[in-house]
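Peer 1: let me see the structure of the following:
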Amino acid sequence: MAQQMIQTQNVRTPVSQVPGYGKLDALYLWSTYRFHDGDTPGSYKIFNLQQNAIGQGFTTPLTARETSIVSNPGQVPLDQRWTCMDIGVDFLPGSTGAPVSLAQANDLANKLQLAFVRGATQVFEVGPCVLYPAGGGVTGVIDAADAAASAIANNGFPSAGARRQLRGRNVVLNPGDVFQWAFIVANADDAPLVLGEGATVDVRASMWMFRDLGLSG
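Peer 2: Model prediction:
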């Protein structure tokens, strides 16, 4: 008897339930928000724009520096399922290469939380950004008057050992799921971000995942 074809396109069935057809590989996605001095407490969403779109605090089109998303932002392809294992947050040097100051890094780490948003109703806060260690990339977080503090703050892009691992609390995204992540500015004093007059800092969130491919894999 001929084998029955099992469709995985345009259905909600997790592709891993299709025996003999699934394939796992690694997937890495990132998205960035540009925070401005004086940004007030509230939710600042990421992973909802693709490259060449304008938003997420930017006034010019996003590039590969700011996001890895090239199409269909915030939605899992219909023939895939994603399992997010690790999360990282780091402060990027500005487009001019200016480093992030220690004072800026401290204010952001103190006031920023990270949350996962599924659909339009489910919000799961996964902790303050201070729990997601990273520095400012190649240039690093610096304080010319305090080399020791700079060395502590400047731990670069989050390595596997430094990333926040979601073991036992993995974020599973099924085919077609709509999602976002959000940076939440929150504090009991309702104080805005203090980055310096006219200053901006780009904050990037990264997701390390296993991708379960369906028939297209």
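Peer 1: can you give me the helices for this structure?
Peer 2: 102-111, 147-153 (DSSP state H).
Peer 1: comparing these by mean pLDDT, which bottoms out?
Peer 2: Between the helices of the chain, the one with the least mean pLDDT is helix 147-153; it has a mean of 58.
Peer 1: which residues does Ser71 contact?
Peer 2: Gln50 (C-beta atoms under 8 Å, 6 or more residues apart in numbering). (C-beta placed from N, C-alpha, C; glycine too.)
Peer 1: if you set the cut-off to 10 Å instead, what comes out?
Peer 2: By C-beta atoms under 10 Å, 6 or more residues apart in numbering, the contact set of Ser71 is Gln50, Gln51, Pro77.
Peer 1: mind checking how far Phe58 is from Asp39?
Peer 2: 13 Å (C-beta to C-beta, to the nearest Å).
Peer 1: give me the common contacts of these two.
Peer 2: Tyr33, Thr200.
Peer 1: what about Gly196, neighbour count?
Peer 2: If you count neighbours by other C-beta atoms under 10 Å, Gly196 ends up with 13.
Peer 1: which residues does the residue lying closest to Gln113 once chain neighbours are set aside contact?
Peer 2: Nearest residue to Gln113 in three dimensions, chain neighbours excluded: Ile184, at 4.3 Å (C-beta to C-beta, 6 or more residues apart in numbering). Contacts for Ile184 (C-beta under 10 Å, 6+ apart) come out as 41-45, 111-115, 123, 125, 128-129.
Peer 1: PyMOL command for the buried members of these?
Peer 2: What follows is the PyMOL syntax selecting those of the contacts of Ile184 that are buried according to 16 or more other C-beta atoms under 10 Å:
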select buried, resi 44+45+111+112+113+114+115+128+129
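Peer 1: which of the contacts of Ile184 has the weakest pLDDT?
Peer 2: Val123 (77).
Peer 1: does that one touch Phe116 like I think?
Peer 2: Yes - the pair Val123 / Phe116 is scored as a contact, 7.4 Å apart, by C-beta atoms under 10 Å.
Peer 1: shared neighbours, these two?
Peer 2: Joint contacts of Val123 and Phe116 (C-beta under 10 Å, 6+ apart) are Gln180, Ala182.
Peer 1: among the contacts of Ser71, pick out the one closest to Asp25, please.
Peer 2: Distance to Asp25 across these (C-beta to C-beta) is lowest for Pro77, with 13.3 Å.
Peer 1: I'd assumed Arg211 was in contact with the closest one.
Peer 2: Yes - with contact defined as C-beta under 10 Å, Pro77 counts as touching Arg211 (9.2 Å).
Peer 1: of these two, who's got more company?
Peer 2: Arg211 (20 against 17).
Peer 1: which non-adjacent residue is nearest the more buried one?
Peer 2: Leu27 (4.1 Å).
Peer 1: how about the strands of the protein, start to end?
Peer 2: Along the chain, counting by DSSP state E, strands occupy 23-36, 42-46, 80-92, 100-101, 112-118, 122-128, 141-142, 164-165, 171-173, 179-185, 200-213.
Peer 1: what average pLDDT does the last one get?
Peer 2: Across strand 200-213, pLDDT averages out at 87.
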